[in-house]
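**Q** Pasting the sequence and the predicted coordinates here, then a few questions.
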Amino acid sequence: MVPRRFAGLPERVRSAAVLARGAAVQHRPSVGLAGGAEMDAISAAFARTRGGGRRVLVGGFGGGGGRTTVAAGLGLAMAAHHGHRVVAVDASPDQCGLLAHRVGLIPPGVGLRELAAARPPVSSLEDVRRYLASDGSGGLDVLAGMRDLVGPGLVPEELAWSLDLLGHWYPVIVADAPSGWNQPVPATLLARADLLVLTVRAGEAEIAGADDALTSLIAAGRGDLATTVIVAVVATYPSRLSRGARMRLEHLEDRAYITVPVPFDPALADSRPINWLRLRRRTRFAFQRLAGAIATAPSPAAAPPWPSPAPP
């Protein structure tokens, strides 16, 4: 039976909503969630994803849209609840170490460029983890971005090589992208993504801009992602959506696979490290709902081929 609260959802998103509802349980350190019945559905859904796992792009337009916050919260939710390894990649060239900081990890002093330039190339998960920030639990790992912020910028081939390399050992890759679709770095991420999480601030103008962002996916060559896009509407301060914003959001819901509101939470403010247990319950539910949507979203009907270029 479909719960009453989900009865009004479009048919294509009901399964994701119901699955996420089962995942929205409070985390208790003394209870093993991986073995709980409430986690079985989401774990099974990830087990059914196509070979090579999920490559999830967390992107958007403009600053302050919550891309890093969503990437961090999503990575923590998936690592905590679906039982597979997850790696988050900090691909924003101007925020070295921020993603690792957001999930409470300390980068090891090397990152994306060093991984791509390793000679001989790494050939095992143990070797890969030397370049990652990790707490050693086997859950969420983070690949830090560029450390030299005044040197040569990130080369798309370095990013492509690193993503393809990580795909050999990680069932889920979450990429925190810079703004836009058409610059070299976000275009490389977009070309390699099989799922897009579009983040947008909870405001009328910003939600309207998200609608334009979906349209621009066609011009960027990834119109196939538009029908499976997951939209995270991030509240950056405590307020309610205006009537105009709600109308914009209703229109956006008709285009997206699912929209998930991420409520304002003081524990997410000021770019401080995210403590999962200190998040409000509805905030944890939002990130778990995003994880459930990713587990159930179909893969693109015809994803473009992407070779594995050698880094320079």
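**A** Received, thanks.
**Q** Buried ones in stretch 247-258, by neighbour count?
**A** Buried residues in stretch 247-258, counting neighbours by 16 or more other CB atoms under 10 Å, are found at 248-249, 252-253, 256-258. Bear in mind the C-beta positions are built from the backbone N, C-alpha and C, glycine included.
**Q** Can you lay out those residues as a markdown table showing secondary structure, pLDDT and distance to residue 158?
**A** Putting those into a markdown table (DSSP: H, G, I helix; E, B strand; the rest coil; pLDDT from 0 to 100; distance: CB to CB, whole Å) gives the following:
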| residue | secondary structure | pLDDT | distance to residue 158 |
| --- | --- | --- | --- |
| 248 | helix | 93 | 38 |
| 249 | helix | 93 | 37 |
| 252 | helix | 91 | 34 |
| 253 | helix | 91 | 37 |
| 256 | coil | 93 | 31 |
| 257 | coil | 93 | 31 |
| 258 | strand | 94 | 33 |
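**Q** May I see these organised as CSV, with distance to residue 143 added?
**A** Shown next, in CSV, are the buried residues of stretch 247-258 (distance: CB to CB, whole Å):
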residue, distance to residue 143
248, 35
249, 33
252, 31
253, 33
256, 28
257, 27
258, 27
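**Q** Show me the two of these that sit farthest apart.
**A** The largest separation in those, counting by CB to CB, is between 248 and 257 at 17.5 Å.
**Q** Low-confidence stretches in this structure?
**A** Confidence mapping of the chain against pLDDT under 70 gives the ranges 1-53, 82-84, 94-96, 136-138, 147-150, 301-312.
**Q** let's see 80
**A** 1-53, 63-64, 81-84, 93-97, 135-139, 146-153, 299-312 (pLDDT under 80).
**Q** Show me where the protein has its strands.
**A** For the chain, applying DSSP state E gives strands covering 54-59, 86-90, 133-134, 140-143, 172-176, 195-201, 230-234, 258-262.
**Q** Those strands: which one's closest to residue 66?
**A** It's strand 230-234; of the strands of the chain, that one is closest to residue 66 (CB to CB) at 3.4 Å.
**Q** Show residues contacting the closest one.
**A** 65-66, 69-70, 195-202, 207, 210, 249, 252, 256-262, 286, 290, 293-294, 297 (CB atoms under 8 Å, 6 or more residues apart in numbering).
**Q** Going through those, which ones are buried?
**A** Using 16+ other CB under 10 Å, the buried ones in the contacts of strand 230-234 are 65-66, 69-70, 195-202, 207, 210, 249, 252, 256-260, 262, 286, 290, 293-294, 297.
**Q** Now for residue 111, how many residues are close by?
**A** 24 (other CB atoms under 10 Å).
**Q** And residue 106, by the same measure?
**A** 13.
**Q** again with residue 276
**A** A count of neighbours around residue 276, defined by other CB under 10 Å, yields 17.
**Q** so who does the closest residue in space to it that isn't next to it in sequence touch?
**A** Distances taken as CB to CB, 6 or more residues apart in numbering put residue 76 closest to residue 276, at 5.6 Å, once the chain neighbours are dropped. Contact partners of residue 76, counting by CB under 8 Å, 6+ apart, are 103, 140, 274, 276, 287.
**Q** 6 Å instead?
**A** 103, 140, 276 (CB atoms under 6 Å, 6 or more residues apart in numbering).
**Q** which strand residues sit across from the second one in the sheet?
**A** When bridges are taken as DSSP bridges, the partners of residue 140 come out as residue 86.
**Q** okay, now it: neighbour count?
**A** 26.
**Q** in terms of contact, does it touch residue 78 like I think?
**A** No: Residue 140 is beyond contact range of residue 78, at 7.7 Å (criterion: CB atoms under 6 Å).
**Q** Quick check: neighbours shared by the two?
**A** With CB under 6 Å, 6+ apart as the test, residue 140 and residue 78 both reach residue 86.
**Q** just to revisit the earlier point, now, which of the contacts of residue 76 sits nearest residue 221?
**A** For those, the nearest to residue 221 is residue 140 (30.4 Å; CB to CB).
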